[in-house]
Structure formats: structure tokens, C-alpha cells
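>>> Okay, sequence plus prediction incoming.
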Amino acid sequence: MEIKPNLTPVLTDAAPLTRSRLGVPSGLSPYSSPKGATFPHHGPFLAIPRKKTGGILDDFRSSGWLDAMKSSSPTHNKVSKDLNHGTGSPDAAYSTWLLKFPSALASFDQITNYAKGKRIALFLDYDGTLSPIVDNPDCAFMSDNMRAAVKKVAEYFPTAIISGRKRDKVYEFVGLSDLYYAGSHGMDIIGPPRQSISDDHPDSDKQGLGELNLFQPAAEFLPMIDEACFMFAQVLRLLKECTKDVEGATVENNKFCVSVHYRNVDEESWPIVGQRVYDILKQYPRLRLTHGRMVLEIRPVIDWDKGKAVTFLLESLGLSNNDDVLTIYIGDDKTDEDAFKVLRESNKGCGILVSPAPKESNAVYSLRDPSEVMEFLTSLAEWKSSIQAC
Ligand SMILES: O=P(O)(O)OC[C@H]1O[C@H](O[C@H]2O[C@H](CO)[C@@H](O)[C@H](O)[C@H]2O)[C@H](O)[C@@H](O)[C@@H]1O
């Protein structure tokens, strides 16, 4: 399968996303729960506050922008201190947390038992999931071993990478053509083919990868995003000229969203960065702010996120209305929670949270870090290969 960047868009404006405009079989309304077995949930459900999508600076107003910056970006010391305070040691806290979010490796048999007779659709976040978190976003390379593991698993299951990054950038990092790519938090999707997998090749998990479509629900925001991105960069440059305080702050243009990174900024100066972003955003009522790992993410106020992207891809692949499909989404970030939530509520599959420390989540299982993700993907491919051989 070739990635063709210049195909005719399915939809290039931000008009309401209806079934007919999308040209997909069943629209984007919430799934109804399938009959029959439900995916196992462990321990009490931990509620994640629902993301607001209606106005500007929702997060800032509701919880205070500095608090939000700090809570989404705990420093290593702060995490250790919190864990020690609550339960004695980070290891003990992690073990307790694992009761609620069991390791997907330790629960591998349970997952594959559940997957028996079903087709698996696989969704993978990039940063912090396939590549380790590093200080310089341009150097977040995935290892060759990880690439081989993703390639292998994609030979058996339809596999999509869903990232906050610009689509081209994440494709450059991953470098595999036989995958679907959704950049800008799902606002820039390559794929899927016009014919559904199930219509074409009912006996296979992974067929029908024909001509690809481009889906960009926020296309009309492009000029505005470019302009805002330019302003963030200008303001940070001016700030750096006058003061060393924000040394380390960088702006990344992710096409349909902008990332303002503060990982390399002294924590005392985070308020300056946050305040500048806040000031500029006041001029853009159609842009909103969300928080990632040491990053402020500015995006259009459309009701679209990674969860919607998963729904869109499953529907377009003809996999959404089948009870014989198990969707697995692996991710590490707040933005991945939208996808975990969709899977949890629709009972269409399970989220696997990648985290070395306890966190609230809508995922069902957990993995500690990208090396465990690699092990899980390898095991999944081996399992599929072994049952095919039987
Ligand atoms: O959805 P993702 O693929 O997880 O992308 C989310 C953001 O990831 C990148 O930033 C994060 O990773 C960087 C490299 O490890 C790290 O330096 C940064 O602090 C993290 O926030 C990416 O640079 C952002 O544009 C994405 O939005």
C-alpha cells in the first residue's frame, strides 16, 4: 500500500459531520453497546472530566491554566513525592494501581481469549508509546526493533497510527507504508479505502487496502492555525530576546494544531509561557487549548479528537457494526483518553495505557513503557501467526 498525499479529500470543510457528508456507512453517532460479552473492566471506573468543546480557553477558565500546566506535566520529583506520601513507595503504589489497570502482558492470554474468533483492529499513539519521551521533539525516533514489531503486527491486523503530530512528520518517524496515519490528533487522516474490508475479503483480518482517501475535518482552519503558529513563534522569539526566562520554549506546527513546548523551560517560568499563549489565544475565539505532556496544544474548536478519529476509521473500514471485531488502542497521553473512552463506552475493545506511574484512565489495561509496547505487539503477531498455522 502506497501513501499518496494528494488524493481528493472526502471532506475539506468543517461543516457539521453528518453521515451523508462523510460518505461512511453509519455516521458518527455514539455506538450502541453490542449484545453479548462485555470486555472485562477491572476495579471501579475512574471518571475523566469530559472535554469541553464549545468555547475558548475552557481548560484555563475551569481549572486555572497554571494548575492545568502543572497537573498535566508532573515533574519526576513531584510524581515520586506524591507516590511516597500516599502508599509508602512508588513500587507499592504501582502494584496497587496494576490491580485496576492490569498489565496487558500479564493479561495477554485473557486478551487473546477474548479476541478468539474476532478480527483485531489496532490503533497506536506515537510519542511516549512507540518512541520514548525525549527533550527534543525533533529527535523522538522510534527504534528499528520497534519499527519491525509494528511492521509485523500490521501484516496481520489493520493498524493505524494516531498522533498529535503533523501527519507527514509521524510518517517520517514511522516510515512504514502499510499503515493508516492520522495526524493532528485525528484531524488529518490518510485512508481508508473506499471498499470496506468486510465487503471485500470476509475471511481476512487485513485486506482491501486499496486506494486511500484524505479526510481533514478542520481544513478551513488552516490559515488561522498558520497565523496563530506564526504569532506564538514571534512572541517566544521576542521574549527570548528580552529575557532568558523562556529559554527552551519551542513552537511546533502540527498543521491542524500547534504545540507550544515547555519541557525545557525552567518551571518558575511556565507562567510566562502560559500567559503569552493565553494572551494570543484571546484573539482567536475559534481556537482552543488542551494540555499534553509539557506541551500546550492549540486546536480548532471543532468536536473532533482521537476518539472520533478511531470511530471514523472503524466505520470507514466497515468494522464498526460487527460484534466480531476487537479494537485495541495503545496510548500514553491525555489526548488518548478520548479514544479509550469511545472503546469503553461502546464496548468495542480496550484501551491500553502506557505509563510508568499510576494515573486515572479510561483504559482497561496498562503497559509500563515503549519497550513493553514492543513486547506486546510482537506477542500479538506471534499469537496470530500461531493460530493461522493451526
Ligand atoms: O499524540 P502523540 O503522538 O503522543 O503526540 C503528542 C505530542 O507529542 C510530542 O510531544 C511530546 O513528545 C516530545 C518528544 O518525546 C516531548 O519532548 C514533549 O514534551 C511531549 O509533549 C510532539 O512534539 C507534540 O507536537 C505532540 O502533540
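Okay, I see it. Everything numeric in this text was worked out from a predicted model, so none of it was measured.
>>> Mind telling me which residue of this structure is nearest the ligand?
Per Cβ to the nearest ligand atom, residue 164 is where the chain lies closest to the ligand, at 2.7 Å. (Each C-beta comes from the backbone N, C-alpha and C, glycine too.)
>>> List the buried residues for stretch 148-160?
Using 16 or more other Cβ atoms under 10 Å as the test for burial, stretch 148-160 gives 149, 150, 151, 152, 153, 154, 156, 157, 158, 159, 160.
>>> closest to residue 222 among the residues you listed?
residue 160 (22.5 Å; Cβ to Cβ).
>>> So that closest one is in contact with residue 178, correct?
No. In this structure residue 160 lies outside contact range of residue 178 using Cβ atoms under 8 Å: 11.2 Å.
>>> In terms of helices and strands, where is residue 96?
helix 90-100 (DSSP states H and E).
>>> Which residues of this structure lie near the ligand?
Taking Cβ under 6 Å from any ligand atom as the contact definition, the chain meets the ligand at 125-128, 133-135, 137, 140, 163-165, 252, 254, 259, 261, 263, 292-295, 297, 333, 335.
>>> Now, of those residues, which are buried?
By 16+ other Cβ under 10 Å, the residues of the chain next to the ligand give 125-128, 133, 137, 140, 163-165, 252, 254, 259, 261, 263, 292-295, 297, 333, 335 as buried.
>>> Looking at those residues, which are in helices?
Counting by DSSP state H, these place none of their members in helices.
>>> Figure out how far stretch 373-384 is from the centre of its chain.
Chain-centre distance of stretch 373-384: 20 Å, with Cα atoms, centre = their mean, to the nearest Å.
>>> can you tell me how far residue 268 sits from residue 262?
Plainly put, residue 268 is 11 Å away from residue 262 if you go by Cβ to Cβ, to the nearest Å.
>>> of those two, who's got more company?
Set residue 268 next to residue 262 and count neighbours by other Cβ atoms under 10 Å: residue 262 wins out with 22 against 8.
>>> what's the neighbour count on the nearest residue to the more buried one once chain neighbours are set aside?
Leaving out its chain neighbours, the residue that sits closest to residue 262 by Cβ to Cβ, 6 or more residues apart in numbering is residue 273, at 4.9 Å. Close neighbours of residue 273, defined as other Cβ under 10 Å, add up to 23.
>>> Likewise for residue 381?
Residues near residue 381, counting by other Cβ under 10 Å, number 20.
>>> Quick check: beta-bridge partners of the residue found closest to residue 190 once you drop the neighbours it is linked to in the chain?
Closest residue to residue 190 apart from its sequence neighbours, by Cβ to Cβ, 6+ apart: residue 181 at 4.9 Å. Under the criterion DSSP bridges, residue 181 forms beta bridges with residue 161, residue 190.
>>> so who does residue 181 touch?
3, 160, 161, 163, 167, 170, 171, 174, 189, 190, 191 (Cβ atoms under 8 Å, 6 or more residues apart in numbering).
>>> so can I have TSV of these showing pLDDT?
Shown next, in TSV, are those (pLDDT from 0 to 100):
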residue	pLDDT
3	28
160	96
161	97
163	97
167	95
170	96
171	94
174	96
189	93
190	86
191	69
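>>> shouldn't the residue nearest to residue 262 be in contact with residue 260?
Yes. Here residue 273 reaches residue 260: they are 6.7 Å apart, a contact under Cβ under 8 Å.
>>> For those two, list the residues in contact with both.
236, 249, 296.
>>> so of the residues you listed, which ones are in strands?
residue 296 (DSSP state E).
>>> who wins for neighbours among the shared contacts of residue 273 and residue 260?
Top of the shared contacts of residue 273 and residue 260 by neighbour number is residue 296, holding 30 neighbours under the definition other Cβ under 10 Å.
>>> can you pull out the strands in the stretch 101-250 of the chain?
119-124, 159-162, 180-183, 188-190, 214-215, 250-253 (DSSP state E, counting those that start in this stretch).
>>> Low-confidence stretches in the protein?
Applying pLDDT under 70 to the chain flags residues 1-63, 73-88, 191-212, 239-244.
>>> give the contact list for the residue positioned nearest the centre of the chain.
Geometric centre of the chain, nearest residue: residue 336, 4.0 Å, by Cα atoms, centre = their mean. Taking Cβ under 8 Å, 6+ apart, we find residue 336 in contact with 125, 129, 162, 306, 329, 351, 353.
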